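> let's see this in three dimensions:
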Amino acid sequence: MTQSHRTLHRRLTHAFAVAAMTSLLAGPATAGGQDETSRIVPPEEIIAALSPKPTASTKTRGIKITGELPRTLPADHGLPSISLTISFEYDSHRLTNDGMLALRALGQALGDPRLKTMTFHIAGHTDSRGTDEYNQALSVRRADTVVEHLHAFYGIESERMISIGYGATRLADPSDPEGAANRRVEIVNLQPLS
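Purely as a prediction, here's the structure:
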């Protein structure tokens, strides 16, 4: 190998290494910039979204609703909630690494003293691909997986979480029924009802 070939080889190797590092640091590329649906929501943001807000409708002058908390809620429930993208393996209820990272933030939030005494709906949602029956069953399995993971790894009491699946019946983005925004887990604070 001649001197000029070694120099060219060294420069190409250096350029490739710089390009690879830049690509790794920049993260995944998507059309139109970073994919907002894959963002890990920090625990403080989750706590803020799930904390009850004092309003005229939640002030009950000491009156407490008795009985069991509802198993399902209307889509326009008006309760403190947040939708999170919890990634699962394709066509499965097994969590991906990104899904586990998102649940770490949720586990920290639900274990925080500001939310520690409250009960939550853990609602699984899917996109419209597949049959209604299949999507319903998958959304239930995914919601159950979230509850099991939060209990096993973060000590969140199972009694504080009610898992439910809605399948593709409550699309976050009806204009794109197969879009990623519809594949989510919604966390709803039921405390204002108790």
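
> which SS state does the closest residue in space to residue 79 that isn't next to it in sequence fall under?
Spatially, and ignoring its direct neighbours in sequence, residue 79 is nearest to residue 188 (5.2 Å; C-beta to C-beta, 6 or more residues apart in numbering). Every residue, glycine included, has its C-beta placed from N, CA and C. For residue 188, the secondary-structure state derived from DSSP: H, G, I helix; E, B strand; the rest coil is strand.

> residue 157 against residue 151, yeah?
Yes. Between residue 157 and residue 151 a contact is recorded at 7.1 Å, counting by C-beta atoms under 8 Å.

> and these two? which has more neighbours close in?
For residue 157 versus residue 151, the count of surrounding residues by other C-beta atoms under 10 Å is larger for residue 151: 16 against 12.

> so which strand or helix has the more buried one?
helix 132-154 (DSSP states H and E).

> same for that helix, what does it pack against?
Judged by 3 or more C-beta pairs under 8 Å, 6 or more residues apart in numbering; DSSP states H and E, helix 132-154 is in contact with helix 97-110, strand 120-125, strand 161-165, strand 184-189.

> hmm, try it at 6 Å
The contact analysis (3 or more C-beta pairs under 6 Å, 6 or more residues apart in numbering; DSSP states H and E) places helix 132-154 against helix 97-110, strand 120-125, strand 161-165.

> show me the contact partners of it.
Contact with helix 132-154 is made by 88, 93, 103, 107, 111, 122, 124-126, 156, 158, 161, 163-168, 185, as judged by C-beta atoms under 6 Å, 6 or more residues apart in numbering.

> and with 8 Å instead?
86, 88, 91, 93-95, 100, 103-104, 106-108, 110-111, 122-130, 156-158, 161, 163-168, 185 (C-beta atoms under 8 Å, 6 or more residues apart in numbering).

> bridged to residue 187, which residues?
residue 82, residue 122 (DSSP bridges).

> that one reaches residue 106, doesn't it?
Yes. Under the criterion of C-beta under 8 Å, residue 187 makes contact with residue 106 at 6.9 Å.
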